[in-house]
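Q: only geometry, no sequence info:
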């Protein structure tokens, strides 16, 4: 009986800890998602812009397209006062235009 109780306790502890150890979802944290939904981009998002990095889809959703996808797969978007050239398939930043 003691082994059964120990096994059940271990199984319960493992089932509770698995969701805690799971990787967090990509994108913004819930508090920042709420702010972004109301039109306020998270503070400091411009600091994360660098050629070769990927733009968060939440931030991309706030921009508007300046030029559509060209023959090389690039798209130019404007987000607030920043113009970015992105690889349309992955949102990788190819060039920061201003």
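A: Happy to help now that I have it. Since the model is a prediction, treat every value here as computed from it, not as a measurement. Numbers count the residues shown, from 1 in each chain.
Q: can you give me the strands for the chain?
A: 64-67, 74-79, 82-87, 92-96 (DSSP state E).
Q: And the third one, what does it pack against?
A: What that stands for is strand 82-87. Applying 3 or more C-beta pairs under 8 Å, 6 or more residues apart in numbering; DSSP states H and E, one finds that strand 82-87 makes contact with strand 74-79, strand 92-96. Where you see a C-beta, it was placed from the backbone N, CA and C, and this is true even at glycine.
Q: Run the angle between the shortest one and strand 74-79 for me.
A: The one in question is strand 92-96. Put simply, strand 92-96 runs at 70 degrees to strand 74-79, going by axes from the mean of the first three to the mean of the last three C-alpha atoms, to 10 degrees.
Q: if I pick residue 51, what's in contact with it?
A: 93, 94, 95, 96 (C-beta atoms under 8 Å, 6 or more residues apart in numbering).
Q: hmm, back to that, identify whichever of the strands of the chain lies nearest to residue 41.
A: In terms of C-beta to C-beta, the element of the strands of the chain nearest to residue 41 is strand 74-79, at 7.6 Å.
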